[in-house]
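Asks: dropping the sequence and predicted coords here.
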Amino acid sequence: MKNTKSSYSFLLLLHAVIALVVFTIPFLSKLYAILILVVGFFIVYRTKNKNNEVLLVAGYLVGVEVFLRMTGGNLNNEFVKFGVTFFMLLGMIYSNFSTNAFIYWFFLILLIPSILITSTVFNPSVDIKKSLVFNLSGPVCLAISSIYMFRRRILFSDLQNVLVAMGLPLVSTTVYLFLFNPSVRDVVTGTQSNFETSGGFGPNQVSTALGLGMFIFFTQLILFSKSKITIAINGFLLLFMTYRGIVTFSRGGVITAAVMIVCLLALLYSFSNARGKSKFVLVFIVTGIMGVGVWGYSSIQTNGLIQKRYANQDAAGRVKKDRLGGREEIMGEEIAIFMDNPVLGIGAGMGKQVRKETFGESAASHNEITRMLSEHGLFGIFGLVLLFITPFVVYVNNRQHLYFLSFFIFWLLTINHAAMRTAAPAFVYALSLLLVQVKIPEKTENLID
């Protein structure tokens, strides 16, 4: 994918049209999902993955996941996670993988004890197979993606193409949200997460997807906009996605995007020379103005309710006791379960059922960290430590990876408010393990370090 102005603009327009077509004829969403898999496989098969084409296909799948879910195109809830896992495995077949990636094979082994515990459970009210698939598809997707990407060499420009591949279907998502609900003012009546402004789908997942889009088009704006037209296009998309993300009234994705952007700017500033740092002052100012502007517009369109939402107040201005929408209670219950089952945990996928029986709380966990503790016990702790430390070990000799910290932060914050319900945190985490080279190296024979 060449990120030229004409092809880039055409692809953006094409995905806006896709949103319009699917909005008009919803059934086409399922055909769209199937077409992505077929075309993606054809591309990888034809190229033999010589230029990491699987990353483009998997990235596109990650970007389109929420759009397919909200339009009924998802063939099943784990469709995209399975798709990403499949293409990562296909990439390994064509392009091998680093032997040092064994650490993520070990992570998969750490999941086995809890699977064995769950498999021994006999409870007619619990679908064991469904529970295992729902709770393990995310970690497995993360591990397989990490094995493929572990210290794999890639040019920074090619990494940006992967981000663009993720960003294109997010344009479809944003346009679809506008078509579904063009007037925010008419449907916002409180400070709770709003399904109307989220395309009739889960605000948390929509906010997460749009937050990722915010970061993608921010990077396009400040690093890859070489003409006034491109600046205008990327600036508009950034503001449009930010606005639609804010008015979902789900804070997680927007806050995550803001932290990702701050991390990127801090890293770029620290690596710039004196002349570059002086130019960054303008970038900081413009970014601040854009942020204030879109926030002000959002406040006007929601009659000030968005400010109360972020201040943790209800529509009457009263401060809510619960800052995380009920998540604190679930997290506390999962920690209590871990304390009672510290070694082996209660079994993969059994958290929801055990909380229902013990505390009368049947909601699914939003926090992957406390879920790992309660369901996997000590093995979950080892797995989390491995996931936390390994990217930083890789980064020590990988300082050209300008997006490293932003990717890691996206994974960390997302699994704390949306668990791993979508493939995004798994795939973006794995992107932090790539060996990124800003300039073309003299020798490029070894694709994996």
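Replies: Received it, and whenever you're ready, just let me know what you need.
Asks: could you use CA atoms for every contact and neighbour count after this?
Replies: Noted.
Asks: go ahead and confirm L267 touches F404.
Replies: No: at 9.5 Å, L267 does not count as touching F404 under the criterion of C-alpha atoms under 8 Å.
Asks: so for these two, which sits in the more crowded spot?
Replies: Of the pair L267 and F404, F404 is the one with more neighbours under other C-alpha atoms under 10 Å, namely 26 against 18.
Asks: so what's the residue nearest to the more buried one when sequence neighbours are not counted up against?
Replies: In space, and not counting its chain neighbours, F404 is closest to S432: 4.9 Å by C-alpha to C-alpha, 6 or more residues apart in numbering. Residues near S432 by C-alpha atoms under 8 Å, 6 or more residues apart in numbering: 391, 401, 403-405, 407-408.
Asks: cutoff 10 Å now
Replies: Neighbouring residues of S432 by C-alpha atoms under 10 Å, 6 or more residues apart in numbering: 146, 149-151, 390-392, 394-395, 398, 401-409, 411.
Asks: for stretch 227-234, which positions count as buried?
Replies: 230-231, 233-234 (16 or more other C-alpha atoms under 10 Å).
Asks: next one: stretch 265-273 to chain centre, how far?
Replies: Remark: stretch 265-273 is offset 24 Å from the chain centroid, using C-alpha atoms, centre = their mean, to the nearest Å.
Asks: give the buried residues for it.
Replies: Under 16+ other C-alpha under 10 Å, the buried positions of stretch 265-273 are 265, 267-269.
Asks: about what we covered before: from F201, how far out is the residue nearest to F404?
Replies: According to C-alpha to C-alpha, to the nearest Å, S432 stands 29 Å off from F201.
Asks: same question for D127.
Replies: D127 sits 25 Å away from F201, taking C-alpha to C-alpha as the criterion.
Asks: when those two are compared, which one has more neighbours?
Replies: Higher neighbour count among D127 and F201: F201, with 17 against 11, using other C-alpha under 10 Å.
Asks: so that one, which of the three states?
Replies: Here F201 is coil, with the state taken from DSSP: H, G, I helix; E, B strand; the rest coil.
Asks: chain neighbours aside, what residue packs nearest to it?
Replies: M70 (5.3 Å).
Asks: helices and strands of the protein: which one bottoms out on pLDDT?
Replies: Using mean pLDDT, DSSP states H and E, the weakest-scoring helix or strand in the chain turns out to be helix 351-359, at a mean of 78.
Asks: counting by contacts, list what that helix packs against.
Replies: Here helix 351-359 touches helix 128-149, helix 327-340, helix 368-395, going by 3 or more C-alpha pairs under 10 Å, 6 or more residues apart in numbering; DSSP states H and E.
Asks: what about it, distance to the chain center?
Replies: So, by C-alpha atoms, centre = their mean, the centroid of helix 351-359 is 28 Å from its chain's centroid.
Asks: compare the helices and strands packed on helix 351-359 and say which comes out lowest on pLDDT.
Replies: With a mean of 86, helix 327-340 has the lowest mean pLDDT of the helices and strands packed on helix 351-359.
Asks: let me see the contact set for D314.
Replies: 190-192, 305, 308, 320 are the contacts of D314 under C-alpha under 10 Å, 6+ apart.
Asks: skip ahead from the helix or strand encompassing I261 and say which helix or strand is next.
Replies: Using DSSP states H and E, the element containing I261 is helix 251-271. Downstream of helix 251-271, the first helix or strand assigned by DSSP H and E is helix 274-301.
Asks: just to revisit the earlier point, which among the contacts of S432 end up buried?
Replies: With neighbours counted by 16+ other C-alpha under 10 Å, these contain buried members at 146, 149-151, 391-392, 394-395, 398, 401-409, 411.
Asks: and the residue most central in space within the chain, what does it touch?
Replies: The centroid of the chain falls nearest to A424 when counting by C-alpha atoms, centre = their mean (3.0 Å). With contact set as C-alpha under 10 Å, 6+ apart, A424 has these partners: 59, 61-63, 65-66, 80-81, 84, 138, 141-142, 166, 205, 208-209, 212, 410-411, 414-415, 430.
Asks: repeat that for F410.
Replies: Per C-alpha under 10 Å, 6+ apart, neighbours of F410: 208, 211-212, 215, 253, 255-257, 259-260, 424-426, 428-429.
Asks: now do whichever strand or helix holds it: distance to the chain's middle.
Replies: Using DSSP H and E, F410 maps to helix 404-417. Centroid separation for helix 404-417 versus its chain: 8 Å, with C-alpha atoms, centre = their mean.
Asks: mean confidence for whichever helix or strand comes after that helix?
Replies: Downstream of helix 404-417, the next assigned helix or strand under DSSP H and E is helix 424-431. Across helix 424-431, pLDDT averages out at 98.
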